[in-house]
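Enquirer: I would like to see how this sequence folds:
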Amino acid sequence: MEDVVKAGDDVQSARTPVSAGAGRQAYLQDTKVDVKVVLGGLWISTLFVFAYVDIFGFWRADVINGALARKVPDAGFAINQTFLAFTTLYILIPSLMLVVSLVAPARINRAANIVVSLIYAASIVVTVIGTGWSVGTR
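Expert: Below is the predicted model of the structure:
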């Protein structure tokens, strides 16, 4: 088998020899990943980051005390059914964007991903403004 890439060959189909032990060689082949799968993976990563921030945010005393007092620290929002419904909607949108990324036609997919991701980036920046970085000093 020839593992040399010739002019005009698709670079994605290039085979790379690797040692398979005992003097044998195996070949790894790169495959092109569909853009829809990449976008879906990015939305899943967004959801994991949301979960990470929420879980580790509860290590802050002001967050725990705010939750016990039914108030969002620094923002002053009351934690009630309306707040929880809007929070659920905020998390539901990236979950639905995973489905949109995988099944929508390319034009709709591109527009939806650009618009929604920019809105989410802006909302994250707005919520971070005025929030302290210190843990446990409040």
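Enquirer: in the sheet, who's paired with residue 25?
Expert: Residue 25 forms beta bridges with residue 19, as assigned by DSSP bridges.
Enquirer: residue 28 contacts residue 19, doesn't it?
Expert: No: judged on Cβ atoms under 8 Å, residue 28 makes no contact with residue 19 at a distance of 11.1 Å. Where C-beta positions appear, they are placed from N, C-alpha and C, glycine not excepted.
Enquirer: ok, residue 45 to residue 61 distance?
Expert: 29 Å (Cβ to Cβ, to the nearest Å).
Enquirer: cool, residue 128 as well?
Expert: Taking Cβ to Cβ, one finds residue 128 at 19 Å from residue 61.
Enquirer: ok, and for stretch 40-51, which residues are buried?
Expert: For stretch 40-51, a neighbour-count test (16 or more other Cβ atoms under 10 Å) marks 40, 43, 46 as buried.
Enquirer: care to break the chain down by domain?
Expert: According to automatic domain parsing, the chain comprises the domains 1-32, 35-128.
Enquirer: please work out which of the ones you listed is packed deepest.
Expert: domain 35-128 (a mean of 13; mean count of other Cβ atoms under 10 Å).
Enquirer: and residue 32, its phi and psi?
Expert: Note on residue 32: backbone dihedrals following degrees, to the nearest 10 are phi -80, psi 130.
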